[in-house]
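In: Could you work out the structure for the sequence below:
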Amino acid sequence: MSKIITNDRLVSLDVLRGFVMFWIMSGEHIIHALAKAAPIPIFVWMSSQLHHTDWDGITFYDMIFPVFLFVAGVSMPYSFDKKIKQAGVIAPSELPSNEKKKIYWSMLKRTCILVFLGFVVNGLLRFDGYDQTRFASVLGRIGIAWFFAGLIYLNFDLKKQLIWFAGILIGYYLAMKLIPVPGFGAGDLTAEGSLEGYIDRLFLPGRLHSTVYDPEGIFSTIPAVSTALLGMFLGTFLKTQANIISVNKTIGILVVAAIVLIGLGLLWNYDFPINKHLWTSSFVCFVGGFSILFFTFFYVIIDVLGFHKWAFPLLLIGSNSILIYMAAEGLVNFKHTADFVFGGLIKFAPIIWQPVFITISVTFVQLLLLYFLYKKKWFLKI
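Out: Next comes the predicted model:
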């Protein structure tokens, strides 16, 4: 087996991170434009998958955020490995308390930076006032969920980590089903009647994303910790077993684990619907299974078979994923730059295809920026 590792990191992780980030930064707009210019079934279906579901149910677009968090979890055993080896111990739970405190502070610093950057993406620097500022964010949830998953990783062995994983999902399920919400009772899983929405209205400061709840709210961040833990389990498995057992067995175990999680999510869906907005336990299992399948796909092609040149654009995105996410979310007007450079040429294209070429030109400009940063070795690392 040929493993491609850069700075002690599997390249497939950066490629997978780049794959999911591509759809956010501009890929979705390319597909939507294609579906309008050439409404053939495949483009129409892909376009339908690049929208969030209204409430219950799942699309590919709903998976992007949890896959990104899952990848952060996979990276955890690798990022902590050097500190563990320096301390002369085998397992992270064996680290002496003084070493753990150093790691805790670095983790807390990373989390605080991500929470702050989430504020910035949400418009903090516009100074619209406290009531108009949204404090919950995608980056904030990634930082917080990663932090608590890290605490579990550093303080408990694998068996207890699995207990934490199951306990979080079951505990969240029981709370959402059994704890009554004033005016709605227990078990109401609507936006306003759910326990998650009620807690957001009570305790989440500033503006809520959806008035009566926030999809990155307080209570639904708890099961997101389990999403990070799933990634951590996979990362631990790769570090401890992938070089011991055969490639075929490694892949087989990953695929079986994915199928089991998807099946569990589908079964749980009957009583606790798959719902990204509430980050339900069934959602964690279902998307966790697909996260493993996505990773396995890139792992086999890149790390096992060694075909990696084709994935260089995705590597560029994945290597600076947080930076391009923030830029694409409004900090940089890529469309203005693309129109300045390519707008004249695009005018010669048939009108129906111009939106397609415009969106492709935006992606090209984004990749040029990422390539420049990559060659300069300038990475936004947190």
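In: can you list the residues that contact stretch 247-266?
Out: Stretch 247-266 is contacted from outside by 1, 230, 234, 237-238, 241-242, 245, 274, 282-290, 292-293, 295-296, 299-300, 304, using C-beta atoms under 8 Å, 6 or more residues apart in numbering. C-beta: built from backbone N, CA, C; applies to glycine.
In: Distance from stretch 190-204 to the middle of the chain?
Out: On the basis of C-alpha atoms, centre = their mean, to the nearest Å, stretch 190-204 is displaced by 23 Å from the centre of the chain it belongs to.
In: list the buried ones in it?
Out: Burial within stretch 190-204, assessed by neighbour count using 16 or more other C-beta atoms under 10 Å, is assigned to A191, G193, S194, L195, E196, G197, Y198, I199, D200, R201, L204.
In: could you give the mean pLDDT of it?
Out: Mean pLDDT, stretch 190-204: 95.
In: From here on, call the first residue 24.
Out: With 24 as the first residue, the last one maps to stretch 213-227.
In: got the end-to-end distance for that stretch?
Out: In terms of C-alpha to C-alpha, to the nearest Å, the two terminal residues of stretch 213-227 are separated by 18 Å.
In: which of the contacts of stretch 270-289 are buried?
Out: Buried among the contacts of stretch 270-289 by 16+ other C-beta under 10 Å: 253, 257, 260-261, 265, 297, 305-313, 315-316, 318-319, 322-323, 327.
In: and the buried residues of stretch 213-227, which two are the farthest apart?
Out: Largest separation among those by C-beta to C-beta: G216 and L227, giving 16.7 Å.
In: quick check: longest helix of this protein.
Out: The helix that spans the most residues within the chain, counting by DSSP state H, is helix 83-109.
In: Going by neighbour count, which residues of that helix are buried?
Out: For helix 83-109, burial by neighbour count (16+ other C-beta under 10 Å) applies to 83-103, 106-107.
In: Counting by contacts, list what it packs against.
Out: strand 32-33, helix 34-45, helix 120-144, helix 161-178, helix 244-264, helix 304-321 (3 or more C-beta pairs under 8 Å, 6 or more residues apart in numbering; DSSP states H and E).
In: what would these look like in CSV with mean pLDDT and distance to L289?
Out: Shown next, in CSV, are those (pLDDT from 0 to 100; distance: least, C-beta to C-beta, whole Å):
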stretch, mean pLDDT, distance to L289
strand 32-33, 68, 29
helix 34-45, 94, 22
helix 120-144, 91, 32
helix 161-178, 95, 23
helix 244-264, 94, 16
helix 304-321, 97, 7
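In: how near is the closest residue to I107 other than its chain neighbours to G41?
Out: Counting by C-beta to C-beta, 6 or more residues apart in numbering, P115 is the residue found nearest to I107 once chain neighbours are left out, at 5.6 Å. Using C-beta to C-beta, to the nearest Å, P115 is found at 28 Å from G41.
In: L181 versus T213, what's the distance?
Out: 38 Å.
In: dump the residue contacts of the residue nearest the centre of the chain.
Out: The chain has F91 as the residue nearest its centroid, 2.1 Å off, counting by C-alpha atoms, centre = their mean. Contacts for F91 (C-beta under 8 Å, 6+ apart) come out as R40, V43, M44, I165, S344.
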